[in-house]
Structure formats: C-alpha cells, structure tokens
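>>> Sequence and predicted structure are below.
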Amino acid sequence: MKNKKLMVIALVTLFCFAVMVPSVLFAKDDKPGKGMYFRLVTHGGNDPFWAVFQQGMRDAANELGCRADIDLAGSDLQLQQKRFQEAVAMRPDGIALVINDSTLWDKPVADAIAKGINVIGTNNDDEQGSAGNARLAYIGQNERRAGMMIGRAVFEAAKKSGKNVANLKVAAAVEVPGANYGVVRSSGIKDAMKEYGIKGDIEIIDATLEMTTAESRITSYVIAHSDLDCLFGLGGITTDRITSALKNAKKKPGQVLAGGFDATPGTLTGLETNYMVASIDQQQYLQGYFSVYVLYLMKKYGFAPQIDTGGYLITKDNIELIKKLSPKNIR
Amino acid sequence: MQRIVNRFFGFRASFTLIVFIALLVFFGIFSADRSFFKVAHLTALARLAPDLGIVALGVGLLMIAGEFDLSVASTIPLSSFVFTKLLGWGSPLIICLFVTFIAGMLVGFLNGMMVTKTKLPSFIVTLGTMLFWRGLIFAASRMMPIGIRAWLDFGSWLEKMLVGSLFGVVPVQILWFLFFAIILGVLLHFHRFGNWVFVTGDNVTAARAMGVNTDGVKIACYVILGFLCSFMGVMQNIRIESFTANQGVGFELKAIASAVVGGTALMGGIGSIPGIFLGTLTIQIIENGLILMGAPAFGISAFIGAAIIIFAVLNVAAARVSGK
C-alpha cells in the first residue's frame, strides 16, 4: 500500500516535471516594448538614404517587440505637417520628427507635448536646438559638420597634391537647389574653405534628381571650367555621377579632387579608382535605430538623451566594410 | 528655287532644323574656349542625349496618335529593376534582355488597353500607372540602389553592344538613337501604319469610319513606347552600373517637350520622327551650351523652360503660316 502510494506520487511528480520543463524552455519571453507604438514623421522620399534609415527603425522595432511606422512626405512640408497632425491624433507612445524648419514646427511640437505625447527630433533639428523647439531630445548628424568633414578631406588632398590652396576653384552639384540638406552641407564646406584660407566662393550646379541629366550637366560644367580644382556632390545622386562626369570630360584621377555623400555604387567605384577622395556615410541607420530606442526608453523611464550619430568618412582604405554592408541596407 | 523653299518649309521639322543649326553655330562661337565642338563634349552629348531621345521617339509617336504616356518615368526604372534582379538570379544575359523587353511591352500594352477600353484621358490613366509602378518599385527595392558589377563582367558583349564605343570614339548610344529613329521614321512616314497613326491622331471618328482600327493603332504605339523605355532602362542601367529608383525621373515631361520642340502637336495628328530627333538634340544642346557658355549653372532650368515655351509658340505660328 505504502509502495503504491509512493509510486503514484513519483508518477505525478514526473508528469508535472514533463509538462513544466518544455513550457519553461519554450516559453516566449515578452519583448520589452510589446504593445508600444511609435511614429516617425519625416520629409524622406525616393532615395537610398531613407531606405537605410527605415532598416534601422525596423531592426530596433523587432528587437524591442514594438510597432513603428514611418511617414515619407517627400520634401512636401505641408504634407509632412498633415502627417504629423495625423500621428498626434493617433496618440502613439512617441513621435520622432524631422525638424526641417526652424519656426514651422515650434507650435505643433509644443502642442503635442502638452497633450502628453513624447516628441523627439531626428535627422534634422531646429537651428537653435532645444532653445528653438520644445522637442525632448535630438538624434542625428550635424549636417554642417559633415560638410566641413568632407571639405577638409578634399582640401587636404588638394594641399598634398601641390595645388595652390588659396586660389582653389570649388563647385558643388546639388539635386534640389535650395533644399535644406544642400544649403547646410555647402555651409559646412564653406567653413572648411575659410579654415584653409580659400578665397573664392563655392559655385552651385543645379543637377536635378535624374541620373543622366545630373551626369550631363556636371560634365558640361567641368568642360566649361577647365580651372576647376574641387568638386562636391551635396547628395547621393550627384556624388554617384561625379566619377562618370569627370571621365566624360577627359579628366584623369586627381586632376579634379572630388568628394560627397553616401555610398552608392558609382561613388564606391570613384573611391576605388581614385577619382574621389572621400565620401560621408551619414550613418542614418543609427538615426532610425536610436529614434525607436530613445522613444521606448523615454516612455518607460523618462530618459531624454541627445545622440550625435556623426558622419563616417569613407575612403579607399576602409571601403571594404561599406561594400559588405551596403547591400544589407545598413550602410 | 521657290518650289524647293516652299517644299522645305512645308515640313514641320524644317523650323526645328534651322534653329538647331543656328544653335550649333551660336554655342560653337560663344562657348568658353570653343568647348562646344571639343571631342569631350561631343562624345558626352552622343553618349547621354540618346537616353532621353530614344524615349522621346516613342512618346512623340504616341502623341501623333493623339495620346500621352506619363508612365515612362516608371517603366524605365521598372525595366532596370527587372533586368538587375534577373542578373542577380544568374539568368543568361539574353534571357535577362528578353524578359525585360517583354516586361516593358506588357506595361505599354496595359496602358493601351486601359486608355482604349475605359475611354478615360490618357493623361489621367498613365499618371495613375506611373504612380502605381513607382510605388511597386519603391516597395520592392526599398529605394536602395543595386550595383550590377557582381553579376556583369566588365567588357561583356552586352556592355559593348549597348554602351561601348565604335572605333573607341563614337558612343554606340547615338547609333542606337539613329537606328530607332530610322526604323520609326520608315514606319511612320513610309508605311501604311504611319498613315493610320496620323489619321487616328487627327480625327479618330473619321479614322474609324475609314475602317482604321484606332484602338489597335494606339495600343501598338503604347507597346512600341514600352519597348523603347525598357531598352533605354537597360542601356542606362549598364552605363551607370546599377539600378536606382530615380532613373527616368522627369523624363515624362522632358520627352513631351522634345516632341513639341520637334514640331509635334499636342492635340495629335501632326509631327515627324526627324523633328522629334532634332527636338531632343535641341533641348540637350541648349542645356549643355548654356552651361558651356558660363550661364549660372544654378538657374539653368529657367533657360530651358523659356526655350520650350518659345518653341511651342513658334511651332504654332509656323503651323498657321503653312496652313496646317
């Protein structure tokens, strides 16, 4: 009788163990951000920059187990404002906003925060930072500093090649003349020009967003200005087409020193063949990634950090890492 | 002599030819260091202008038939995307080409069917298809450029055929532009299909009454344009060594402008392939020539816009004078 009792107890214990262990082993951990929803309202559009930004956002959302959506208003400020109002109406757990105007966003952001919605800046910030806008944090690159970095790289190469630095002739091609990114980056290049004592001004070439038109206009400009020393692309498309334009104009590597932004295939070719000195990788993956993480941490613990995602200078020496990660939308 | 002069001015493209020659002389004299006629500039022009030109030939043909196609700006990157994906999957080059051309022609066919069967303005229908295909491309590519060098060796037969140089000097792109201009020129001006195109664009009711299958003519023009867009998409893809979602942006309006500058009427029924050929080159040499002259590269679009308006007005005036 006693043995039978012991047997039953042992079997029940074994049964409980057999049920418990798998459920413990295979139990899904709830991810920390489960149930949270964040919205990223941007002026982004049809270029590779925002594809990488989105990848960062997606990876962060997957890691945290939260939901995140992105609005790409395509440089249409009115549309972006509309999207922001829609986002506020949805009452998300936080909004990351590209603050691409230093006055227009002041009231909308302040009103959203007054309603209890966390709003941070990403990618672009108010010119006066937290003094000019009520956003609770900012994640992004300092575009002007990035312009200065690429300017320094190219002008240093010009100096080393024996060119008369004070009299360098400098031009920059831009996809959308007057767009904020181009204005701020060219300001950074001008800062570098001042630093190197370059007397002249930077001439802007309206290249457009279309690849062939950009290449054609840059080619004609280089042919017309045989005294050109330094050429910049202020965006990914113009930087991509510089190498072909220089070849079309029968320039040899080093005759016109070039630099720009992003790591598109044409730009990587230019770096490998010495037509380009360097390009800035904006590390926009980090902007999308940290936007989600900061909003999560802000919601949970009230943290409000400022994160400078910096600019990474790609040269011929470190190009291999970029080539490996570029197809994965990480660089 | 008077007969020859009258006959010359009877052609819609005659005015475009006169302006084209005048511009060549003007920019040749006034460009910095006479750089307009330098080998570097002429070879660059011959390499790059055909991208717009090949598409403009098809757009102009369609305009003569009385319709528009704004979706060219999406058919071009779509074709480039299809080609790149097939390359990445290891397909033989000839299959990549064949399937890409079929894709372009299919897009054209769909446009043609929608326009002819719904009877909606082609401007609206093709605006919709332009946005539709563009959205699909953005979603499929996630807007990332895709380099093709991992799958296409330097110096392949396809590269030589589409973007190589004859005798190391003459870019083959200009030869392809001439080739398509000749084929379409013969088709439009010496074949009865061309007559059908003109009469369909001029008066579609009268054309039907004459027994012309106007829907078939329009669909055929859309298919031809779809093929030309896919050809150009592949050619551009190989030249820039990648697919990018921005390929062809703005071409829908620039191709129409090339056709108008070449004497094609916006209302249909009037135009010529030589005119469209010259119209494309005229727009391109205005753009290049002004930059070579040292015009502010920042505001070049203003000059091109002004030139298009002037040409459109002068073409209308020329049509009135010649009684067409």
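Now that the structure is in, tell me what you want to look at. Numbering: from 1, shown residues only, chains lettered A, B, ... in the order given.

>>> Specify the beta-bridge partners of A:Val170.
Beta-bridge pairing for A:Val170 (DSSP bridges): A:Ile202, A:Cys230.

>>> my read: it touches A:Ile202, true?
Yes: proximity of A:Val170 to A:Ile202 meets the contact threshold set by CB atoms under 8 Å, at 4.8 Å. (C-beta placed from N, C-alpha, C; glycine too.)

>>> Give me the common contacts of the two.
When CB atoms under 8 Å, 6 or more residues apart in numbering or on different chains defines a contact, the residues bordering A:Val170 and A:Ile202 alike are A:189, A:193, A:232.

>>> Quickly note the distance from the residue nearest to B:Gly104 when sequence neighbours are not counted to B:Asp33.
Distances taken as CB to CB, 6 or more residues apart in numbering or on different chains place B:Ser230 nearest to B:Gly104, at 2.5 Å, with adjacent residues excluded. Distance, B:Ser230 to B:Asp33, using CB to CB, to the nearest Å: 39 Å.

>>> more crowded one of A:Val170 and A:Ile202?
A:Val170 (24 against 18; other CB atoms under 10 Å in any protein chain shown).

>>> Tell me the predicted confidence for the more buried one.
Looking at A:Val170, its pLDDT reads 97.

>>> and what of the one 4 residues further on?
Note on A:Val174: pLDDT of 94.

>>> Which residues does the helix or strand harbouring A:Ile139 contact?
Taking DSSP states H and E as the criterion, A:Ile139 maps to strand A:138-140. Outside strand A:138-140, the residues that touch it by CB under 8 Å, 6+ apart are A:96, A:120-125, A:129-130, A:286-287, A:290-291, A:294, A:306-309.

>>> what about 6 Å?
With contact meaning CB atoms under 6 Å, 6 or more residues apart in numbering or on different chains, strand A:138-140 is reached by A:121-123, A:125, A:287, A:290-291, A:306-307, A:309.

>>> Kindly report the same for stretch B:42-60.
A:212, A:216, A:219, A:248, B:72, B:171, B:173-174, B:177, B:180, B:184, B:224-225, B:228-229, B:232, B:236, B:251, B:254-255, B:258-259, B:264, B:271, B:276, B:280, B:284.

>>> Quick check on those: which are buried?
Among these, those buried by neighbour count (16 or more other CB atoms under 10 Å in any protein chain shown) are A:212, A:216, A:219, A:248, B:72, B:171, B:173-174, B:177, B:180, B:184, B:224-225, B:228-229, B:232, B:236, B:251, B:254-255, B:258-259, B:264, B:271, B:276, B:280, B:284.

>>> Distance-wise, check B:Thr214 relative to B:Ala181.
25 Å.

>>> Packing partners of the strand or helix carrying B:Gly289?
Secondary structure from DSSP H and E places B:Gly289 in helix B:273-292. Here helix B:273-292 touches helix A:211-224, helix B:13-30, helix B:39-64, helix B:172-190, helix B:251-261, helix B:300-322, going by 3 or more CB pairs under 6 Å, 6 or more residues apart in numbering or on different chains; DSSP states H and E.

>>> Could I get the phi/psi values of A:Gln283?
phi 50, psi 40 (degrees, to the nearest 10).

>>> what residue ranges in the chain score low on pLDDT?
In the absence of a named chain, this looks at chain A. A:1-2, A:16-29, A:45-47, A:75, A:327 (pLDDT under 70).

>>> my bad, chain B
Residues of chain B that meet the cut-off, pLDDT under 70, sit at B:4-10, B:12, B:297-298, B:315-316, B:318-324.

>>> Tell me, how many residues neighbour the residue in it that chain A sits nearest to?
Per CB to the nearest CB, B:Gly147 is where chain B lies closest to chain A, at 3.5 Å. Applying other CB under 10 Å, we find 21 residues neighbouring B:Gly147.

>>> tell me the contacts of the spatially closest residue to it that is not a sequence neighbour?
Distances taken as CB to CB, 6+ apart place A:Pro265 nearest to B:Gly147, at 3.5 Å, with adjacent residues excluded. Residues counted as contacts of A:Pro265 (CB under 6 Å, 6+ apart) are B:145, B:147, B:241-242.

>>> Select from the residues you listed every entry located in strands.
B:147, B:242 (DSSP state E).

>>> Among the contacts of A:Pro265, which one is most surrounded by other residues?
B:Pro145 (29 neighbours).

>>> shouldn't it be in contact with B:Ser242?
Yes: counting by CB atoms under 6 Å, B:Pro145 does reach B:Ser242; the two are 4.9 Å apart.

>>> Which residue, neighbours along the chain excluded, lies closest to A:Ala158?
Nearest residue to A:Ala158, sequence neighbours excluded (CB to CB, 6+ apart): A:Leu257, at 5.2 Å.

>>> Given the one helix or strand that neighbour maps to, what are its sheet partners and their directions?
Using DSSP H and E, A:Leu257 falls within strand A:257-261. According to DSSP bridges, strand A:257-261 forms sheet pairs with strand A:230-233 (parallel), strand A:276-281 (parallel).

>>> The closest residue to A:Gln282 other than its chain neighbours: how many residues sit nearby?
Excluding the flanking residues, the one nearest A:Gln282 by CB to CB, 6+ apart is A:Gln141, at 5.4 Å. Look at A:Gln141: counted by other CB under 10 Å, it has 23 neighbours.

>>> Distance-wise, check A:Gln141 relative to A:Leu209.
In terms of CB to CB, A:Gln141 sits 21 Å off from A:Leu209.

>>> And A:Ala89, by the same measure?
From A:Ala89 to A:Leu209 the distance is 32 Å (CB to CB).

>>> can you list the domain ranges for chain A.
A:37-141+A:283-310, A:143-281 (automatic domain parsing).

>>> now the closest residue to B:Gly250 other than its chain neighbours: how far from B:Gln236?
Closest residue to B:Gly250 apart from its sequence neighbours, by CB to CB, 6+ apart: A:Glu210 at 5.1 Å. Note on A:Glu210: its distance to B:Gln236, by CB to CB, is 10 Å.

>>> And for A:Asp71?
Taking CB to CB, one finds A:Asp71 at 30 Å from B:Gln236.
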